[in-house]
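In: how would this look folded up:
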Amino acid sequence: MDGTQSITTASNDDNFVDVMRPSLSQEDMNEANDASSEYIVKNLKELYHNHVVEAEKQYHLHFNFCLPTDGEIKDSEFDATPMVLLIGQYSTGKTTFLNHLLGEDFPGMHIGPEPTTDKFMALFYGGDDTNNEDRKLNSGFHKMNKSRDDERSIVTDDIRASGRLIKGNTLTVTPKLPFSSLSQFGSAFLNHFVGSSSSSSLLKRITFIDTPGVLSGEKQRINRTYDFGQVAKWFADRSDLILLLFDAHKLDISDEFKNVIDTIRLYNDDKIRCVLNKADCVTREQLVRVYGSLMWSMGKIFDSPEVVRVYTGSYWNGALINDDFKRMFEKDETLLVKELVDLPRCAAERKVNQIVNRIRLVKVHICILGTLRRMTPLWFGKKKSREQILLDLEYIMDSVRVEFDLSKGDMPDPHEFARCLNNFPDFSVFPPISNALIDRLDALIEKDIPDIVSNADKAASEVRVGQRNMAKEKEEKNEPDQCVAESTEVSHSTCEGDKFRHKRLKMQH
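Out: Got it, this is the predicted structure:
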């Protein structure tokens, strides 16, 4: 049997099954997937708080070593909707890109050719009825400016937007939002962080983070009173997708932008995508050269044989200036939107991946730090021993990897690890290696988490079975009514036939 026949047969079988049982709507499927995701997230939270977080605190891993997130994972971070981070140099179209995706203006939006976005902005869903009054007030404005909207200016403000802005300090103390640990950056950053609450349907399942443009030269370092790279890394570690936006007109990647990319890359390479924006503003020949230049630059930054996925297009609400590659732009935009829409469906699987990765790294740190504790003298010679350990750290880490059968891919960079160890003048503060703890961490990966995933599938199946039974009961309930209607129709037609025959006999007489 060839491939075509097998596909046809499978399709026919599916149709047969669908005829034999009530079909599930997309809403029903989403409800089943939500039940599975809720089960996974709930049990991952319990597993993390009961078995992992205490080990992290015991070995001083929070804020001292290179875990995927600096501190403890909060419950609000487990429960948060998928997050998408936008990073780029100034005036690459980040805010216009969001306006295009959402299909509407949002509070705090300002678009212009100069560096306009001066704050980190979180765009999240604020409910359908939080801004009804704003919609009523703005409806007249929309009608008055309908003709002007057709020829959209490149300079846009949020006068038509409905919703509200929330200040950074308020966001950190709002329980349902995953921003509480941003308080570590202090008021210097929180004064440059706002939340934009909107009613866009896309925000029901995705949160977007708009960032200030990366500046060039001393402006990036001096004019900002907070560490831009570290703040960007905080968001990158918690994001499900990272979009690097580039302008086809100014593709030069500054050293500052390269440093930001290098900062956010650790543990986040698989999340990064590139967006070549404003691609309709150049000619066909120029676009080919620009695309090749971008790929070459990304190859130098990422230093890997794998190519970063690049979406090319013009992400704004106006018409294309050059439509030579219109089909390619539309295809890339469709693929990008599909990846964004698929984020909520895959959110639980990504959380499983993150927790497994974190447990593996915690185990590696326990083995290394426990070994350093074992090599440190109890009373005298601690300083000299510490200096020797730092000199031989790469060899020590390799020995630990062999002794505990650790994966080479899980081992931290020796130079980065040595920099982290400089925060500790005495290595005896680390607890000794606990074999029971290591065995427990192994059991989490090998048994507990697979059981959670398996039981989540059962929970989703139970929801689907319940929905099918409800649909079947509904159909059976409707069948008697249909039969009564059919019998009434038959009776009515019989009476009409009798009347017709009686009339015909009367005429013959």
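
In: Any regions of the stretch 51-200 of the chain where pLDDT drops low?
Out: 111-117, 128-163 (pLDDT under 70).

In: One more pass at 50, please.
Out: 130-161 (pLDDT under 50).

In: can you check the chain too?
Out: Ranges of the chain meeting pLDDT under 50: 1-26, 28-29, 130-161, 490, 500, 509.

In: Grab the most central residue of it for me.
Out: Of all residues in the chain, the one closest to the mean position by CA atoms, centre = their mean is D240, 2.6 Å from it.

In: how near is it to V356?
Out: 16 Å (CB to CB, to the nearest Å). All C-beta atoms are positioned from the backbone trio N, CA, C, and that covers glycine.

In: rewinding a little: give me the nearest residue to the residue nearest to the centre of the chain, chain neighbours excluded.
Out: P82 (4.1 Å; CB to CB, 6 or more residues apart in numbering).

In: count of neighbours near that neighbour?
Out: Per other CB atoms under 10 Å, the neighbour tally for P82 reads 20.

In: Over to it: give its phi and psi.
Out: phi -50, psi 140 (degrees, to the nearest 10).

In: can I assume it is in contact with I206?
Out: Yes. Between P82 and I206 there is a contact under CB atoms under 8 Å: 5.4 Å.

In: Overlap of the contact sets of those two?
Out: L343, P344 (CB atoms under 8 Å, 6 or more residues apart in numbering).

In: Just confirm I253 is within a strand.
Out: No. Per DSSP: H, G, I helix; E, B strand; the rest coil, I253 lies outside any strand segment and is coil.

In: how about it, what does it touch?
Out: Q89, F246, S297, I301.

In: Show the contacting residues for the third one.
Out: It refers to S297. By CB under 8 Å, 6+ apart, the residues touching S297 are L251, I253.

In: Now name the helix or strand holding it.
Out: Assigned by DSSP states H and E, S297 belongs to helix 284-302.

In: quick one: contacts of the helix or strand following that helix?
Out: The C-terminal neighbour of helix 284-302 among helices and strands, as given by DSSP H and E, is strand 310-312. Applying CB under 8 Å, 6+ apart, the external contacts of strand 310-312 come out as 273-276, 279, 287, 291, 294-295, 298, 325, 328-329, 332-333, 335-336.

In: do stretch 440-449 as well
Out: Contacts for stretch 440-449 (CB under 8 Å, 6+ apart): 44, 47, 51-52, 55, 352, 355-356, 359-360, 362-363, 366.

In: ok, back up a step: if we only consider the contacts of I253, which is nearest to E416?
Out: Relative to E416, the closest of those is I301; by CB to CB it sits at 18.1 Å.

In: Now find how far off-centre the helix or strand hosting K383 is within its chain.
Out: Per DSSP H and E: K383 is located in helix 382-391. Once both centres are worked out by CA atoms, centre = their mean, to the nearest Å, helix 382-391 turns out to sit 42 Å from its chain's centre.

In: Which neighbouring elements make contact with that helix?
Out: helix 347-375 (3 or more CB pairs under 8 Å, 6 or more residues apart in numbering; DSSP states H and E).

In: can we see that at 10 Å?
Out: Applying 3 or more CB pairs under 10 Å, 6 or more residues apart in numbering; DSSP states H and E, we find helix 382-391 packed against helix 347-375, helix 393-403, helix 414-421.

In: Pick the most buried one from the ones you listed.
Out: Per residue and on average, the most neighbours among the helices and strands packed on helix 382-391 fall to helix 347-375, with a mean of 19 (mean count of other CB atoms under 10 Å).

In: on that earlier part again, could you single out the nearest of the contacts of stretch 440-449 to L202?
Out: Nearest to L202 out of the contacts of stretch 440-449 is V352 (CB to CB; 24.6 Å).

In: Distance-wise, check that closest one relative to D448.
Out: 11 Å.

In: give me the number of residues near V41?
Out: With other CB under 10 Å as criterion, V41 counts 20.

In: The helix or strand where it lies: what's the following helix or strand?
Out: With elements taken from DSSP H and E, the one containing V41 is helix 26-47. Counting by DSSP H and E, the next helix or strand C-terminal to helix 26-47 is helix 53-58.

In: Give me the helices and strands touching that next one, please.
Out: helix 347-375, helix 435-443.

In: Now do the first one and helix 435-443, the angle between them.
Out: Orientation check (axes from the mean of the first three to the mean of the last three CA atoms, to 10 degrees): helix 347-375 against helix 435-443 gives 160 degrees.

In: what's helix 347-375 packed up against?
Out: helix 26-47, helix 53-58, helix 75-79, helix 382-391, helix 393-403, helix 414-421, helix 435-443, helix 449-508.

In: Quick one: distance of that helix to the chain centre.
Out: That offset, for helix 347-375, works out to 22 Å (CA atoms, centre = their mean).

In: what's the angle from it to helix 393-403?
Out: Going by the same axes, to 10 degrees, helix 347-375 makes 110 degrees with helix 393-403.

In: please renumber so the chain begins at 48
Out: With the count now opening at 48, the last piece we talked about shows up as helix 394-422.

In: Now do R312: how many residues are near it, please.
Out: 16.

In: Spit out the contact partners of it.
Out: K280, A283, I289, K318, I319, I348, F349 (CB atoms under 10 Å, 6 or more residues apart in numbering).
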